[in-house]
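Participant: This is a predicted model, with the sequence first.
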Amino acid sequence: METLADAEQRELIAPESRVMLEGVLRMAEMSAGDVMVAAPRIDSLDIDAPYDELLHSVIETAHSRFPVYEGQRENVIGILMAKDLLKVQRSPDLNLRTLLRPAVFVPESKNLNELLRDFRANRNHLAMVVDEFGRTAGLITIEDVLEEIVGEIEDEFDQDATAAENGIYTLADGSHRVAGDTDISAVNEVFGTRLPEDCFDTIGGLIAHELGRVPRRGESTQADGLTFQVMLTRGGAVRWFKVARRAAAPAGARA
């Protein structure tokens, strides 16, 4: 790390190169258990669920791959590609089991360097992480591993990620886009609200607590005169909310 810092200072490497090289060095000491999505936050599908229910889950969560279980959530029998579900729509008699891809299982202690090599060699993008007792501990994707090197991989909601320091952006319709990890104090300051700041630091944590679970994409909830609609989730947490002030009730309307 000191050598890299010295090389950057002497303009032998660019700052971006230093960040990536430091990520590579840190990754060498990390395991799958360090970066996985914990089991309670995994969006998985029940092999025996009706097609409409499966399709609703796929659309709502907007993932490209899903662990599929039978009976208990612990019993993962394969991985379903979201695009493969369309084949069932065209051929209703098609057995969903024939569309499943083999699930890859890795221990929590699996080194990220080794895991990335396996992902590349086997052309896998997702692996189930198991603990020392063989129980499902979480899920890890190739994107999770790469982000340890290159940092957060941007998506369609991150085009102007540097436009605001507090994670709150004004949209064309007058509403706002708010990052899930935005400090509650920043939300209160911008919107003039009094959301509690003593128990939770981020707006995503507060909204998840109010609902008793992690909100899903498209879901809405209200708090202190604001409507929070989930725009994007990742890793079992809300990445972006669309926030608008709740419309006032028409005069004379009954409560």
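Facilitator: That came through fine.
Participant: Could you tell me how many residues sit around residue 201?
Facilitator: For residue 201, the neighbour count with other CB atoms under 10 Å is 13. Bear in mind the C-beta positions are built from the backbone N, C-alpha and C, glycine included.
Participant: Quick check on it: phi, psi?
Facilitator: Residue 201 has phi and psi values of phi -90, psi -40 when expressed as degrees, to the nearest 10.
Participant: Give me the nearest residue to it, chain neighbours excluded.
Facilitator: Counting by CB to CB, 6 or more residues apart in numbering, residue 201 lies nearest to residue 183, which is 6.2 Å off, once chain neighbours are set aside.
Participant: Is that neighbour bridged to anything, and to what?
Facilitator: Each beta-bridge partner of residue 183 is listed here: residue 202, as defined by DSSP bridges.
Participant: now do residue 76
Facilitator: With DSSP bridges applied, the residues forming beta bridges to residue 76 are residue 69.
Participant: What is the neighbour count of it?
Facilitator: Counted with other CB under 10 Å, the neighbours of residue 76 add up to 20.
Participant: With residue 182 instead?
Facilitator: 21.
Participant: ok, now residue 175?
Facilitator: Tallying neighbours of residue 175 according to other CB under 10 Å, which is how burial is gauged here, yields 17.
Participant: ok, the closest residue to it other than its chain neighbours to residue 227 distance?
Facilitator: Nearest non-adjacent residue to residue 175, counting by CB to CB, 6+ apart: residue 244, 4.0 Å away. From residue 244 over to residue 227 the distance is 5 Å, taken as CB to CB, to the nearest Å.
Participant: Repeat that for residue 241.
Facilitator: Using CB to CB, one gets 9 Å for the distance from residue 241 to residue 227.
Participant: out of the two, which sits in the busier spot?
Facilitator: When residue 241 and residue 227 are compared on other CB under 10 Å, the one with more neighbours turns out to be residue 241, at 29 against 16.
Participant: isn't there a helix covering that one?
Facilitator: No. Under the criterion used here (DSSP: H, G, I helix; E, B strand; the rest coil), residue 241 is strand, not part of a helix.
Participant: mind checking how far it is from residue 224?
Facilitator: If you measure residue 241 against residue 224 using CB to CB, the figure is 14 Å.
Participant: Likewise for residue 78?
Facilitator: Applying CB to CB to residue 78 and residue 224 gives a distance of 44 Å.
Participant: Repeat that for residue 75.
Facilitator: Per CB to CB, residue 75 is found 42 Å from residue 224.
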